[in-house]
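In: When you get a sec, could you give me coordinates for this:
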Amino acid sequence: MPYATSLFRALIALAAATGIVIECVEGSPLVVFSFFTIWSNTAVAVVLGLGAVRARRRQSPLAPVWTGGVLLCISVVGLVFHLVLDNPASEFNQAAEIARLTGARAVANQLLHTVTPLGMVLDWLLLTRPGAFRWRHAAQWLAAPGAYLVFALVRGALVSPDTPTRYTYPFLDVTAHGYRASSPTPWSSVSPSTPWPSP
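Out: Sure, this is the predicted structure:
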């Protein structure tokens, strides 16, 4: 079992790392790492990579405060992408643009929005000790999304208005919606593979 656990976690970590590398090769790394999807997948690569090593060595698993936080972030990425952005019935539907992705960008899109969220959830359901998570961890788990919101708004305020990715997500565009409306919304699942806005 430790070997199977190690292999599974290593494969999901590799999927996250591969998606990130493709995005960096296809675009600007500085822009790529301004997306919450990339933040979340970086965390998946690190946490499951370490988890794979610890399982292989039969060491105790990482603290639930870390794995739970990553599970929350990457789950939001997957759910919002598929239910909001890649959903023709959604107000923020970008299914047509997403369908036009080809080659490496299409591969990265699936790795970052489908493979890693499912992998992290399966790791939690099948390979994580029951009862490990605690409600007291919830405030800590929300730190990353909260930090990203601040980062995105500050970045948007500092970047030139002519920059296509001034606000990385349409939900956070304060020039269109104002600061009051730019609260945590489906922005969390857009990534460089999601073609908004056009470069």
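
In: C-alpha from now on. contacts and neighbour counts both.
Out: OK.

In: Can you give me the buried ones in stretch 118-129?
Out: Leu118, Gly119, Met120, Val121, Asp123, Trp124, Leu127, Thr128 (16 or more other CA atoms under 10 Å).

In: Could you export it as PDB, CA atoms only?
Out: Listed next in PDB are the C-alpha coordinates belonging to stretch 118-129 (Å, rounded to 0.1, in the frame of the first residue of the first chain):
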ATOM      1  CA  LEU A 118      -9.800  14.800  -9.200                       C
ATOM      2  CA  GLY A 119      -6.400  13.400  -8.100                       C
ATOM      3  CA  MET A 120      -6.400  15.500  -4.900                       C
ATOM      4  CA  VAL A 121     -10.000  14.600  -4.100                       C
ATOM      5  CA  LEU A 122      -9.200  10.900  -4.600                       C
ATOM      6  CA  ASP A 123      -6.200  11.100  -2.400                       C
ATOM      7  CA  TRP A 124      -8.300  12.600   0.300                       C
ATOM      8  CA  LEU A 125     -11.100  10.000  -0.100                       C
ATOM      9  CA  LEU A 126      -8.900   6.900  -0.500                       C
ATOM     10  CA  LEU A 127      -5.500   7.600   0.900                       C
ATOM     11  CA  THR A 128      -6.000  10.100   3.800                       C
ATOM     12  CA  ARG A 129      -6.600   8.900   7.300                       C
END
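
In: so Thr116 touches Ala17, yeah?
Out: No - under the criterion of CA atoms under 8 Å, Thr116 makes no contact with Ala17, lying 9.9 Å away.

In: quick one: the biggest helix by length in the chain to chain centroid distance?
Out: Scanning the chain for the helix with the most residues, using DSSP state H, yields helix 2-26. Helix 2-26 sits 13 Å away from the centroid of its parent chain (CA atoms, centre = their mean, to the nearest Å).
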